[in-house]
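>>> predicted structure and sequence below. I'll ask about it afterward.
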Amino acid sequence: MFKKDKHTYLSTDYLKNLNMLQNELGKEENFDIIVREIRVSGEKAALVCIDGLVKDDVLTEIMQTLYYLKKELFARGSIKDLLLRGIPYIELSTEKNFDELLYAVLSGSILLIVEGSDEAFIIDARTYPARSPEEPDIERVVRGSRDGFTETIVFNTALIRRRIRDPKLRVNLLRVGRRSKTDVCVCYIDDIADPDLVKTIKEKISSIDIDAIPMAEKSVEELIVPGSWWNPFPRVRYTERPDVAAVHLLEGHILVIVDTSPSVIILPVTYFHHIQHAEEYRQNPSVGVYIRWVRFLAVIASLIVTPLWLLFALSPELLPESLKFIGPKEVGKIPIFLQFVIAEISLDLMRMAAIHTPAPLATALGVIAALLIGDIAVTIGLLAPETILYTAVVAVGSYSTPSYEMAMANRLVRLFILLGTGFFRLPGLIITMLLTMVLLIFTKSFNVPYLWPLIPFNYRALKGIIIRSPVPIQNIRPEILNTRDVIRQPAPAFKKRGK
């Protein structure tokens, strides 16, 4: 070994190289570090790998080839030339840098060091424990593809390339974490995506200085997205569907794929990206428009139904005569404002309980929530029936929001507006809603205004959000993304049958 430019490199001394590798990898302390010494053309050699991360059949075939590899079978040359020509494996490279060699082994590759060579051979025959692509639980559709991203980054990039067979598709690999050395991919279409934004994202990821990112994509998001960490509104979108990721690539967005996570980051995005769903494009355009409008109503209801009803219950004089039926007939033993606070917290408790409850007990949890909590709370006068009803309405609205992160942000906003309404009535409702709107106006996802195309106003883009356009005319790249080839005119529609 010798040092140069603060890096350690291999030498031609086989024993020193092998001892250094074994010491750094903790061969004596780790049962899964495999070091298999062999001879290659009469020279000492060793195969170094980690048990469980390599393909045993490939390793066996490579060893058989090395046993029968004779130098005289090839033209005269170095041992490096012999092995490069003699090892029958596609993903084969050489490396001198010791840190890179350690990274290769810990990533699952097979390392071959040979006496007399100052370069080691990296055979990328790794295989990670992985599940098969399955439909994501959060983004289900009635009709459509059933594959979804997994925790293996190679599988995820393959699912994207299967849908976009464009030579301009770029998948740049970066490494994050001083200790974890996690693989992170930046994926984009070279002649569509904004080059300045691509450069910015790569620089931000490359500049991450942290031991590890055990929370995978969420850690990367918090470290690269500009703005306050305490802003509840998500400034990136997560998806586990390859078709959704492919559509956003074609629009000019950029994907960040983190190994060990099935969630892919889409950026930049606006508020309206979080309330669109693939189901709208799996149905007839007219049905898609209806589904989208119903979803918009559900999102709006999840924000304002309980604060509005609380306002009318506390200030019935604001109601016209025709709406006097709104409001509780019997308030109960607890003030109506506190009832809603209790109901909101109880809703979150039930949500957390549902996440941690084993599947066979999920039905029992539903019975407990419906009977023991809801029905008995109304019977004993703890909560008014209307409180249960409108809390259920906002819960349905939250679950109708496609983006889980946006649903959680809307829940916090609803609680904020509810508290303002409970303490200050109508002025509290107006002020809290204005403060929320101001926050949305000043929020940005990188260089994109969060409320675009509403603020700043863009009629053509806003029309595409309100009305789900037919597939032949929807291939219009959002101008706000500053794409290289913005399509300003819609594509021609399909010809009528028989013409």
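Arrived safely, thanks for sending. Numbers count the residues shown, from 1 in each chain.
>>> where is the longest helix in the chain?
If you go by DSSP state H, the chain has its longest helix at helix 404-442.
>>> which neighbours in the sheet does the helix or strand just after that helix have, and how are they oriented?
The helix or strand immediately downstream of helix 404-442 is strand 444-445, counting by DSSP states H and E. As defined by DSSP bridges, the strand partners of strand 444-445 come to strand 448-449 (antiparallel).
>>> re earlier: ok now the longest helix of the chain, how far from the chain's centre?
In terms of C-alpha atoms, centre = their mean, to the nearest Å, the centre of helix 404-442 is set 27 Å apart from its chain centre.
>>> what does stretch 243-254 give?
Here the centre of stretch 243-254 is set off from its chain's centre by 13 Å, with C-alpha atoms, centre = their mean.
>>> can I get the CA coordinates of that stretch in PDB?
The C-alpha coordinates for stretch 243-254 follow below in PDB (Å, rounded to 0.1, in the frame of the first residue of the first chain):
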ATOM      1  CA  ASP A 243     -45.900   4.900 -14.800                       C
ATOM      2  CA  VAL A 244     -46.300   8.100 -12.700                       C
ATOM      3  CA  ALA A 245     -42.600   8.600 -12.500                       C
ATOM      4  CA  ALA A 246     -42.300   8.100 -16.300                       C
ATOM      5  CA  VAL A 247     -45.000  10.700 -17.000                       C
ATOM      6  CA  HIS A 248     -43.300  13.300 -14.800                       C
ATOM      7  CA  LEU A 249     -40.000  12.600 -16.600                       C
ATOM      8  CA  LEU A 250     -41.600  13.300 -19.900                       C
ATOM      9  CA  GLU A 251     -43.000  16.600 -18.600                       C
ATOM     10  CA  GLY A 252     -39.500  17.800 -17.600                       C
ATOM     11  CA  HIS A 253     -39.400  16.800 -13.900                       C
ATOM     12  CA  ILE A 254     -36.300  15.200 -12.200                       C
END
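>>> quick one: buried residues of it?
243-249, 251-254 (16 or more other C-beta atoms under 10 Å). All C-beta spots, glycine's among them, are computed from the backbone N, C-alpha and C.
>>> run through who's touching it.
Residues outside stretch 243-254 that contact it (C-beta atoms under 8 Å, 6 or more residues apart in numbering): 139, 144-145, 149, 160, 163-164, 169, 186-189, 192-194, 197-198, 201, 237, 239, 255, 264, 266-269, 278, 475, 477-478, 481-483.
>>> same question for stretch 303-314.
By C-beta under 8 Å, 6+ apart, the list of residues contacting stretch 303-314 from outside reads 318-319, 323, 326-328, 336-337, 340, 344, 386, 390-391, 393-394, 397, 410, 413-414, 417-418, 420-422, 425-426, 429, 432-433.
>>> before we move on, the earlier item: narrow the contacts of stretch 243-254 to just the buried residues.
Listed as buried from the contacts of stretch 243-254 are 139, 149, 160, 163-164, 169, 186-189, 192-194, 197-198, 201, 237, 239, 255, 264, 266-269, 278, 477-478, 481-483; burial here means 16+ other C-beta under 10 Å.
>>> from the contacts of stretch 243-254, which land in helices?
160, 163, 197-198, 201.
>>> just name the closest of those residues to residue 282, please.
The closest of those to residue 282 turns out to be residue 163 (C-beta to C-beta; 15.2 Å).
>>> any idea how far the closest residue to the closest one other than its chain neighbours is from residue 146?
Nearest-residue entry for residue 163: residue 246, 4.1 Å, with adjacent residues in sequence omitted and distances by C-beta to C-beta, 6 or more residues apart in numbering. Remark: distance between residue 246 and residue 146 (C-beta to C-beta, to the nearest Å) = 15 Å.
>>> then residue 382?
Counting by C-beta to C-beta, the gap from residue 382 to residue 146 is 44 Å.
>>> now do residue 373
Separation of residue 373 from residue 146 (C-beta to C-beta): 35 Å.
>>> just residue 228 next, same as before
Distance of residue 228 to residue 146, computed by C-beta to C-beta: 38 Å.
>>> now the buried residues of stretch 243-254 in TSV, with secondary structure, pLDDT and distance to residue 129?
Below are the buried residues of stretch 243-254 laid out as TSV (DSSP: H, G, I helix; E, B strand; the rest coil; pLDDT from 0 to 100; distance: C-beta to C-beta, whole Å):
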residue	secondary structure	pLDDT	distance to residue 129
243	helix	93	26
244	helix	93	26
245	helix	95	23
246	helix	94	26
247	helix	92	30
248	helix	93	29
249	helix	94	28
251	helix	90	34
252	coil	92	35
253	coil	95	31
254	strand	96	29
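>>> which of the contacts of stretch 303-314 are buried? Put it as a ChimeraX command.
If you want just the buried ones from the contacts of stretch 303-314 in ChimeraX, going by 16+ other C-beta under 10 Å, the selection is:
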select :327,336,337,340,344,386,390,391,393,394,397,410,413,414,417,418,420,421,422,429,432,433
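>>> for residue 133, what are its contacts?
147-150, 155, 159.
>>> what does residue 339 give?
332, 382-384, 387 are the contacts of residue 339 under C-beta under 8 Å, 6+ apart.
>>> and residue 40, by the same measure?
Counting by C-beta under 8 Å, 6+ apart, residue 40 touches 66, 69, 79, 83, 114.
>>> just the buried ones from these, in ChimeraX syntax?
A single ChimeraX command selects the buried members of these (16+ other C-beta under 10 Å):
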select :66,69,79,83,114
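>>> okay, and which of the contacts of residue 40 map to helices?
Those of the contacts of residue 40 lying in helices (DSSP H): 66, 79, 83.
>>> TSV for those residues, including pLDDT?
Putting the ones in helices among the contacts of residue 40 into TSV (pLDDT from 0 to 100) gives the following:
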residue	pLDDT
66	85
79	75
83	80
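>>> of the residues you listed, which is the nearest to residue 361?
Set against residue 361, the nearest of these by C-beta to C-beta is residue 66 (54.4 Å).
>>> so who does that closest one touch?
Residue 66 is in contact with 38, 40, 45, 86-87, counting by C-beta under 8 Å, 6+ apart.
>>> ditto for residue 122
92-95, 101, 104, 109-112.
>>> confirm it sits in a helix?
No - under DSSP: H, G, I helix; E, B strand; the rest coil, residue 122 sits outside any helix and is assigned strand.
>>> that one bridge partners, please.
Judged by DSSP bridges, the bridge partners of residue 122 are residue 93, residue 111.
>>> so this protein: which segments form each domain?
2-123, 153-269, 281-449 (automatic domain parsing).
>>> can you give me the strands for the stretch 201-350 of the chain?
237-239, 254-258, 264-267 (DSSP state E, counting those that start in this stretch).
>>> for those, give me TSV that also has distance to residue 439.
Formatted as TSV, the strands of the stretch 201-350 of the chain follow (distance: least, C-beta to C-beta, whole Å):
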stretch	distance to residue 439
strand 237-239	18
strand 254-258	25
strand 264-267	19
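>>> closest to residue 49 out of the ones you listed?
Ranking the strands of the stretch 201-350 of the chain by proximity to residue 49 (C-beta to C-beta) places strand 254-258 first, at 24.3 Å.
>>> partner strands of the closest one and their direction?
Here strand 254-258 is paired, per DSSP bridges, with strand 182-189 (antiparallel), strand 264-267 (antiparallel).
>>> can you convert those into JSON lines and add a column each for distance to residue 134 and mean pLDDT?
JSON lines is the format used below for the strands paired with strand 254-258 (distance: least, C-beta to C-beta, whole Å; pLDDT from 0 to 100):
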{"stretch": "strand 182-189", "distance to residue 134": "21", "mean pLDDT": "95"}
{"stretch": "strand 264-267", "distance to residue 134": "15", "mean pLDDT": "95"}
